[in-house]
Each structure stands twice: as structure tokens, then as C-alpha cells.
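Enquirer: my questions are about this predicted structure, shown below with the sequence.
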Amino acid sequence: MLKRLSTDTVNLILLIGAVLLVMEVVFFNGGLIFSVAFSGLLIYLGWTRYAKLWGKVIFWIGAVSLFITAINMIAVRFLIIAALVMAVLHYHRSRNEPKRIEPEIVESQLDSGDPVLRQKFFGNESTPGRAYKWQDINIHGGFGERVVDLSNTVLPEGEAVISIRHLIGSVYIYVPYEVEVSVEHSSVFGRASIFQYRNTKLINQIISYQTPEYSTRKPRVKIITSIGSGDIEVKRI
């Protein structure tokens with residue numbers, strides 16, 4: 001079912017769930033943190049002594065307590081309802097649009113100053129719209145989009161590196177035609193568009209891409225990305 005959902009839909013559901021969880025803990029039921037921590041402690045103690053009878057009892061008391069605590073949380077109820085609604089919609093759609101199973105053919109090349117981008121947990125971030133001095137990018141992100149446009153800078157003679165680890169949101173990288181590219185991308189859920197390559201259903205996968213003359217020609221850029229839920233797009237400009 002997850003493969004039929006758009007990335008934006010999943011991102012919206014996760015974001016709403018996270019907001020509800022924070023609001024519930026901060027404004028309505030701060031004791032949840034203590035309850036979850038205590039249940040977790042019981043589970044840990046019981047698991048370490050699970051061979052003994054009292055260990056089993058403590059483990060299952062903690063597990064049941066954690067389940068009851070979780071099921072009473074607004075955020076968890078919202079996620080359960082959202083999952084049920086998506087399951088109903090998926091069932092209805094699958095009856096009207098039966099899934100076609102086809103082999104996926106992957107191209108052979110799929111072998112296996114101030115910083116340019118800042119660390120930013122919320123909101124979008126992009127490279128400057130004017131000319132800028134290149135600096136290797138190595139950032140973590142939370143929520144939002146990240147845009148890297150290499151047309152406004154001069155890459156070094158060696159190898160430029162772009163490393164982005166992101167939680168929820170998409171990453172867009174625009175590369176000039178004369179630049180060779182290597183991409184190492186991992187995703188829990190999302191889609192990938194790397195030049196002519198397309199993958200619309202990434203679920204806990206890793207993609208390796210390299211242009212044919214990457215090892216012999218310069219300039220070149222090595223792109224390393226990791227996204228929890230979101231898309232990656234790498235294209236020529």
C-alpha cells in the first residue's frame with residue numbers, strides 16, 4: 001500500500017502526527033514521558049532477565065503498559081485512523097485499477113566564508129540565486145526542501161562533495177552538462193529521479209549511480225544523500 005501513496009501524503013501524515021505528539025506532551029499530558037520511560041525500563045529489565053519467571057512477568061507488564069499508554073495518545077490514534085482510511089482508499093483503488101507487475105530494467109551505469117547551505121531543522125533551504133564561491137556541503141536537515149544549484153558556482157579541479165542527511169522533505173540538485181556525477185542515495189520512503197533514471201517506489205533502498213566518464217573526467221561532483229521520507233531529483237540545467 002505504501003508504494004501507491006505519494007511522498008507528499010506520507011510526509012503530511014507524519015508531520016501532523018509529530019505536531020499532535022508535541023502538543024499533547026507540552027500542553028495536555030506531560031506525564032506521558034514518565035509513563036513511557038517507566039514502561040521502557042520495565043521492558044528492559046524484564047528482557048535482560050527473561051529466562052526467569054519474574055523477568056517474563058516484568059517484561060509483559062511493561063509491554064502492556066506501553067501499549068495502553070500509546071493507544072491513549074492523540075497522535076497514535078490519528079496515525080491509526082489515517083492508516084485505516086488509507087487502507088480503505090487503497091482497497092477501493094485496487095479494485096478499480098488492478099496492479100500490474102512488470103520487470104524493472106535498470107541502466108548499466110547504475111552500478112551498483114559562509115557555508116553554501118546552513119543546518120536548518122524546519123523550512124526550506126537553497127544555494128544562493130547569484131554567483132557564489134563553492135564549498136563542499138555537509139549538512140543535516142529536518143523538515144522542508146533542500147535545493148542545490150551548481151550553475152551559479154565554479155567547481156574545484158578535483159572532486160566536489162555534497163552530503164545531505166534529511167528527515168522529511170525532498171532534495172533537488174541541478175548540475176551543469178559538463179559536470180560528471182556520482183550519486184549514493186538511501187531512502188526509507190520516497191522517489192528518485194537521477195537524469196534519465198526513474199524509481200517511483202523507493203522503500204528502504206539504496207541507489208548507486210555514476211555517469212560513464214566520472215572516473216576519468218573533471219569537474220565532477222560526488223553526491224551522498226540520505227532521506228527518511230522524501231524525493232531526490234538530480235537533473236541537468
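Expert: That came through, no problem.
Enquirer: pretty sure E184 sits in a helix.
Expert: No - counting by DSSP: H, G, I helix; E, B strand; the rest coil, E184 is located in no helix; its state is strand.
Enquirer: which residues touch the nearest residue to it once chain neighbours are set aside?
Expert: Nearest in space to E184, with sequence neighbours left out and distances taken as Cβ to Cβ, 6 or more residues apart in numbering, is I224 at 4.9 Å. Bear in mind the C-beta positions are built from the backbone N, C-alpha and C, glycine included. If you count contacts by Cβ atoms under 8 Å, 6 or more residues apart in numbering, I224 has them with 161-164, 184-185.
Enquirer: which of these are buried?
Expert: 162, 164, 184-185 (16 or more other Cβ atoms under 10 Å).
Enquirer: quick one on the thing from earlier: quick one: mean pLDDT over the helix or strand where the residue nearest to E184 lies.
Expert: When secondary structure is defined by DSSP states H and E, I224 falls within strand 220-229. Here strand 220-229 scores 92 as its mean pLDDT.
Enquirer: what element comes up after it heading to the C-terminus?
Expert: strand 232-236.
Enquirer: tell me which element I173 falls in.
Expert: Going by DSSP H and E, I173 is part of strand 171-175.
Enquirer: skipping adjacent residues, who's closest to Y209 in space?
Expert: Here the residue nearest Y209, using Cβ to Cβ, 6+ apart, is V183, at 4.1 Å.
Enquirer: pLDDT score assigned to that neighbour?
Expert: 93.
Enquirer: can I get the strand holding I224 in CSV, CA atoms only?
Expert: Only the C-alpha atoms of strand 220-229 are listed here, as CSV (Å, rounded to 0.1, in the frame of the first residue of the first chain):
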residue,chain,number,x,y,z
ARG,A,220,33.0,16.1,-11.1
VAL,A,221,30.7,16.0,-8.0
LYS,A,222,30.0,13.2,-5.6
ILE,A,223,26.5,13.3,-4.1
ILE,A,224,25.7,11.4,-0.9
THR,A,225,22.1,11.7,0.3
SER,A,226,20.0,10.0,3.0
ILE,A,227,16.3,10.8,3.3
GLY,A,228,13.8,9.4,5.8
SER,A,229,10.7,10.4,3.7
